[in-house]
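Chemist: need a 3D model of the following:
(chains A and B)
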Amino acid sequence: MKFKIILSLVLISVLSATAFAASRAAFSSQVTLAANTFSTGTVDLQISKSTSSAPTAFTDVSIAGFTGNILPGATVSQTVWLKNTSDAVDFLIAAQAASVSGAIAPADVTVTLTPVSNDGLTNTGSPVIGTLSDWESVLSLGSTIAHGAKQRYKMDVSLSGSVTTTGSISFDFVFTGTQTP
Amino acid sequence: MKKFITFFTTTCLIIVVAVLILLSYKIGGMQAFIITSGSMEPTISTGSLAVVHTMYPSLLKQNDIITFIRPDNVHESITHRIYRILKKGSLTTFQTKGDANKNVDPWIVAGGGVIGKEFFTIPCLGYIFAFAKTSIGLMLLVALPALLLIYNEILTIFGLLKNNQKTANPTQTLLFLVLIGSSFLFFPSSFALVSDAATLTHNQFTVDIPSSHIVISNISYVGDEWVELYNPTDNDVDLKDWTLTNNSGNVVIIHANKFIAAKGFVVVTKDHSFFHKPEVDIIETGHTFGNGLDDFKDSVILKDAAGVEIDRMSWGQ
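Modeler: Model (predicted):
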């Protein structure tokens, strides 16, 4: 009989410890709790070149980029808007240059992307700077666009002052929104 | 027959508990992940439980589905398909992509970041495991069975003390329920992150250097002040009556009929005492920018004889 009582007491102790450990495992780690969220629904990142502070026309997939002349040592500033039209998914934004071609070396062209306020007057995040060679790898812009929200970026394209030849450079710029967990 | 059923049930429950413990702790090279999003659909649906097994990166092939540590956040794991294998010497890295995503992932996965290759998946099972991590799940699957079991054991103890032995029938079942429920909590999640892309296509910038385009290539604004000019064109350029203006509007005029050679440099300064390299072509102006350039914040603007701005350089905030 004593053995059975001891066995029951041991079982009660083990159960209490197990339940306590399980509770700690469930509630002590924010990562674990966050991972309980399942994401479903549509995802869509749209783009606009509007300079308005409240653009309404966005395009899915792609739009024609910027064209123009640039002098050595000069910078050309442009505006890019991204809109996350997903119904539930927030996006972490990254960008990459693709299909880079032309007589001008990619290393001589610097692209700076800065998240700015809707009116474009205030920086709302840190600029990400790289030559087109750097941008041929994906660089995170470090900014998140919540579902249903849009973000304005200033896109500065600078040409190195050491460029001495005429010519041109062409490139695509791909913005990718990846779901934030 | 009853003994056989009891033995069979007990054996099954022991196997289930053992497998769950093994899978949640990556024992034996296998580990299970709850898939929490849908970028691998339709191959792996949201809420699936994906079991992966450890594999050397060199043995992985294109189109294998792998679970890996997210390169830009080591606290998360991702389950995606190998889109491309990149080999540089002995280093193997992977470009990955979700089946439902339009674009490849914005990162390169190092071989050491791969947790394992997908072995099999069980649809919907992840929802149950994730439910165990919620407050209600924890109550139903762990706390309540544990309390019932403790209560049952207390009754057993009192029964034994009164010499009226009370059999604890549900003990075994409840015990296994607690163990299974508890093991659910230790299963990690893996994201199959969805993504979308938008592209600015055919950005094109043309460099058209005018015949008189001169650039400010260097400035010394601390101590002896001078401005270096560079002529990137294929023609000599006459600098007569060109000006340099600072932020305060002080103007220095190049009166002398000086040329800057094609692909050549000149240094514009007050006099030779401000610049000590005899091998460099110097244009002396006879005076500085007012009281001198600001060491902390100023700018210099180069204009041609017609007053057209050719180049400028600024410093400071």
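Chemist: what's the domain layout of chain A?
Modeler: Taking automatic domain parsing as the reference, chain A has its domains at A:2-34, A:45-179.
Chemist: and those, which one averages the lowest pLDDT?
Modeler: Between the domains of chain A, the lowest average pLDDT goes to domain A:2-34, which shows a mean of 60.
Chemist: which SS class is the residue lying closest to A:Pro72 once chain neighbours are set aside?
Modeler: Once flanking residues are discounted, A:Pro72 sits nearest to A:Val163: 4.4 Å by C-beta to C-beta, 6 or more residues apart in numbering or on different chains. In short, each C-beta sits where N, CA and C put it, glycine included. Secondary structure, DSSP: H, G, I helix; E, B strand; the rest coil: A:Val163 is coil.
Chemist: which residue is nearest the centroid of the chain?
Modeler: No chain was given, so I picked chain A. A:Ile93 (1.3 Å; C-alpha atoms, centre = their mean).
Chemist: oops, wrong one, chain B.
Modeler: Nearest to chain B centroid, counting by C-alpha atoms, centre = their mean: B:Asp72, 3.2 Å.
Chemist: that residue against A:Leu139, yeah?
Modeler: No. Under the criterion of C-beta atoms under 8 Å, B:Asp72 makes no contact with A:Leu139, lying 10.8 Å away.
Chemist: just to revisit the earlier point, so what's the residue nearest to A:Pro72 up against?
Modeler: A:Pro72, A:Ile104, A:Asp108, B:Val207, B:Ile209, B:Pro232 (C-beta atoms under 8 Å, 6 or more residues apart in numbering or on different chains).
Chemist: any idea how far the first one is from A:Ala103?
Modeler: If I follow you right, that is A:Pro72. 13 Å (C-beta to C-beta, to the nearest Å).
Chemist: of those two, which one has the most company?
Modeler: A:Pro72 (21 against 12; other C-beta atoms under 10 Å in any protein chain shown).
Chemist: tell me the spacing between that one and B:Met313.
Modeler: Taking C-beta to C-beta, one finds A:Pro72 at 12 Å from B:Met313.
Chemist: okay, the residue nearest to the centre of chain B: pLDDT?
Modeler: For B:Asp72, pLDDT reads 76.
Chemist: check B:Ile65 too.
Modeler: In this model, B:Ile65 carries a pLDDT of 93.
Chemist: burial count for it?
Modeler: 22.
Chemist: leaving out sequence neighbours, find the closest residue to it.
Modeler: B:Glu118 (3.9 Å).
Chemist: tell me where the stretch 151-300 of chain B has strands.
Modeler: B:189-190, B:195-207, B:215-220, B:226-230, B:237-238, B:243-246, B:251-253, B:259-260, B:265-269, B:282-284, B:298-303 (DSSP state E, counting those that start in this stretch).
Chemist: and of the ones you listed, who's closest to A:Ser126?
Modeler: strand B:195-207 (21.0 Å; C-beta to C-beta).
Chemist: give the pairing partners of the closest one; include direction for each.
Modeler: strand A:62-64 (parallel), strand A:67-70 (parallel), strand A:167-179 (antiparallel) (DSSP bridges).
Chemist: most tightly surrounded among these?
Modeler: Mean neighbour counts were taken over the strands paired with strand B:195-207 using mean count of other C-beta atoms under 10 Å in any protein chain shown, and the top value, a mean of 22, falls to strand A:167-179.
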